[in-house]
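Asks: Provided below for reference: sequence and predicted model.
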2 protein chains.
Amino acid sequence: MAFEEEQKVFDSFVREKGLKHSGQRKDILLTFLKTEKHLTVDELYTLVKKKNPSIGIATVYRTLKLLCGCGLSSELRFGDGPVRYEHFYRHEHHDHLVCVKCGNFIEVMDAEIEKLQERLAKKEDFTLQGHKLLMYGVCRKCKG
Amino acid sequence: MAFEEEQKVFDSFVREKGLKHSGQRKDILLTFLKTEKHLTVDELYTLVKKKNPSIGIATVYRTLKLLCGCGLSSELRFGDGPVRYEHFYRHEHHDHLVCVKCGNFIEVMDAEIEKLQERLAKKEDFTLQGHKLLMYGVCRKCKG
DNA sequence: GGTTATAATGATAACAATTATCAATATCAA
DNA sequence: TTGATATTGATAATTGTTATCATTATAACC
């Protein structure tokens, strides 16, 4: 079984919080991990149902909250519509370039921007924990 | 009457789109302009009702969409909860440092970050139109 | 000014995403 | 094995927002 590290992260989170394990949570976690996409709850729900048809959507909501809590996932909000969940554990931090025409996005990363943010935060005496940078524009394809 | 410039911006938007003027829109626009806060629809609705008690909340939703369309306002989404609307016209572009404990935020600006974003976008052949940068952390007060 | 086409309004139904509730079940420490 | 309690799935409730629609207001034209 793959994803031992991620499972360990989840395990210690569960232990630390006095929660319990369950087959549903394991199914959801593994399905999430092997799908390298920015999934919505509904999309993940559909995928997990193939493995475990009796699962309820509320459990998917609940489990994704836990995955965010232990650093395995992170919420992403592009404008309106449902929240998307991206992989977070051992993924280089990246930002998103979103096309306003076709809705597609590109992940980009830039160490300098990260540094500048730290500087800004320090100036205001903030202890930075994370950030979300969304850049909107028109992608190459849509510029035609 | 103040805010002549902003009213002119709105006027030409209305003309250009073949829309019409209305007292409600004027009340909403002026109340929005004189309240230098990141208002939710509901907050603005409450304020406008003091001037015009018969106004409906749907009109506030609709008018804020228009204000965003003509560049007088801009949507802001801090995590969940309702969208907030900030002033946009002739306001230097700024980003937000949001405290994860108390929910307060500070506006910050940094010309260099803007430049770096342009660079990133160019690399991907994106025509950048705007961006939203939210930085999360703990503010001075909450670090106590 | 009066007419007329059409945009705007307010009330509220509908909708989408999410959270809360709750009875039944599963987990796990002792 | 047992008992305390966390989890589950179904679904009701909630929240924020948009759509609908009959009525009213606006503004271009005469």
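Replies: Cool, got the structure.
Asks: For the rest of this, base every contact and every neighbour count on C-alpha atoms.
Replies: OK.
Asks: How much space separates the residue of chain A at minimum distance from DNA strand D from A:Leu30?
Replies: Scanning chain A for the residue nearest DNA strand D gives A:Ile55, at 3.0 Å (criterion: C-alpha to the nearest atom of the strand). Distance of A:Ile55 to A:Leu30, computed by C-alpha to C-alpha, to the nearest Å: 14 Å.
Asks: Over to A:Gly79?
Replies: Distance from A:Gly79 to A:Leu30, by C-alpha to C-alpha: 28 Å.
Asks: out of the two, which sits in the busier spot?
Replies: A:Leu30 (17 against 12; other C-alpha atoms under 10 Å in any protein chain shown).
Asks: what helix or strand is the more buried one on?
Replies: Assigned by DSSP states H and E, A:Leu30 falls within helix A:23-34.
Asks: Now do the buried residues in that helix.
Replies: The neighbour-count check on helix A:23-34 (16 or more other C-alpha atoms under 10 Å in any protein chain shown) flags A:Gln24, A:Arg25, A:Asp27, A:Ile28, A:Leu29, A:Leu30, A:Thr31, A:Phe32, A:Leu33 as buried.
Asks: Turn those into a markdown table, including pLDDT and distance to DNA strand C.
Replies: As requested, those are arranged in a markdown table below (pLDDT from 0 to 100; distance: C-alpha to the nearest atom of the strand, whole Å):
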| residue | pLDDT | distance to DNA strand C |
| --- | --- | --- |
| A:Gln24 | 98 | 8 |
| A:Arg25 | 98 | 9 |
| A:Asp27 | 98 | 11 |
| A:Ile28 | 98 | 14 |
| A:Leu29 | 98 | 15 |
| A:Leu30 | 98 | 16 |
| A:Thr31 | 98 | 17 |
| A:Phe32 | 98 | 15 |
| A:Leu33 | 97 | 19 |
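Asks: coming back round to it: tell me what the helix holding A:Leu30 is packed against?
Replies: With contacts taken as 3 or more C-alpha pairs under 8 Å, 6 or more residues apart in numbering or on different chains; DSSP states H and E, helix A:23-34 sits against helix A:41-51, helix A:57-69.
Asks: between it and helix A:41-51, how many degrees?
Replies: 110 degrees (axes from the mean of the first three to the mean of the last three C-alpha atoms, to 10 degrees).
Asks: hmm, who's touching helix A:23-34?
Replies: Residues outside helix A:23-34 that contact it (C-alpha atoms under 8 Å, 6 or more residues apart in numbering or on different chains) are A:Phe3, A:Leu44, A:Leu47, A:Val48, A:Lys51, A:Asn52, A:Ile55, A:Thr59, A:Val60, A:Thr63, A:Leu67, A:His87.
Asks: The second one - nearest residue in space that isn't next to it in sequence?
Replies: By that I understand A:Leu44. Nearest non-adjacent residue to A:Leu44, counting by C-alpha to C-alpha, 6 or more residues apart in numbering or on different chains: A:Phe32, 6.9 Å away.
Asks: what's near enough to touch the residue most central in space within chain A?
Replies: Centroid-nearest residue in chain A, with C-alpha atoms, centre = their mean: A:Glu86, separated by 2.4 Å. By C-alpha under 8 Å, 6+ apart, the residues touching A:Glu86 are A:Glu36, A:Lys37, A:His38, A:Leu39, A:Ser73, A:Ser74, A:Glu75, A:Leu76.
Asks: Out of those, which sit inside helices?
Replies: Per DSSP state H, helices hold no members of the contacts of A:Glu86.
Asks: tell me the domain boundaries of chain A?
Replies: For chain A, automatic domain parsing gives the domain ranges A:4-87, A:95-143.
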